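**Student:** kindly generate the corresponding structure for this input.
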Amino acid sequence: TQQMSFANIFRGARTFSQPPIDDIESYWSPVEKYQAMQMLERSIVGSKESVAAGIERLVAETGADELMIVSDVYDHRERLRSHELIAQSQEVLRAEATVA
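**Tutor:** Sure, this is the predicted structure:
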């Protein structure tokens, strides 16, 4: 969905999130793929532990004291679940901070 959203932005067709498709390669051009991958380079995806580690790396690299989280997920329940997992990743980071 996020990849499709970027391709649509590049095409000047801003829309609400679209349902995912099976083959993104047939949807976007090589140039759109390159542009989207550049924009997604900092994406953090995975389990709550891998997301926590990714957030830790990002903060260490940038010195950020605030992050903006975007979950471009078509299905509303899945989007809520994504935010729950992000919140749980923060619990992992807090637990690690109290141990350290």
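
**Student:** just checking, Leu40 touches Gln3?
**Tutor:** Yes: taking CB atoms under 8 Å as the definition, Leu40 is a contact partner of Gln3 at 7.3 Å. (Each C-beta comes from the backbone N, C-alpha and C, glycine too.)

**Student:** comparing those two, which residue is more hemmed in?
**Tutor:** Counted by other CB atoms under 10 Å, Leu40 and Gln3 do not tie: Gln3 has more neighbours, with 20 against 12.

**Student:** which helices and strands does the strand or helix carrying that one pack with?
**Tutor:** For Gln3, the host element (DSSP states H and E) is helix 2-10. Counting contacts by 3 or more CB pairs under 8 Å, 6 or more residues apart in numbering; DSSP states H and E, helix 2-10 is packed against helix 30-39.

**Student:** what angle do the helix it packs on and helix 2-10 make?
**Tutor:** Orientation check (axes from the mean of the first three to the mean of the last three CA atoms, to 10 degrees): helix 30-39 against helix 2-10 gives 120 degrees.

**Student:** mind checking how far helix 30-39 is from the chain centre?
**Tutor:** Centroid separation for helix 30-39 versus its chain: 15 Å, with CA atoms, centre = their mean, to the nearest Å.

**Student:** what's near enough to touch the closest residue to Val31 other than its chain neighbours?
**Tutor:** Nearest non-adjacent residue to Val31, counting by CB to CB, 6 or more residues apart in numbering: Phe10, 8.0 Å away. For Phe10, the contacting residues are 31-32, 35-36, by CB atoms under 8 Å, 6 or more residues apart in numbering.

**Student:** what are the contacting residues of the top helix by length along the chain?
**Tutor:** Using DSSP state H, we find that the single longest helix of the chain is helix 76-99. Contact with helix 76-99 is made by 47-49, 51-52, 55-56, 69, 71, 73, as judged by CB under 8 Å, 6+ apart.

**Student:** in stretch 77-92, what's buried?
**Tutor:** Residues 82, 86, 89, 92 are the ones in stretch 77-92 that count as buried (16 or more other CB atoms under 10 Å).

**Student:** distance of the second one from Gly63?
**Tutor:** By that I understand Ile86. Noted for Ile86: a distance of 20 Å to Gly63, by CB to CB, to the nearest Å.
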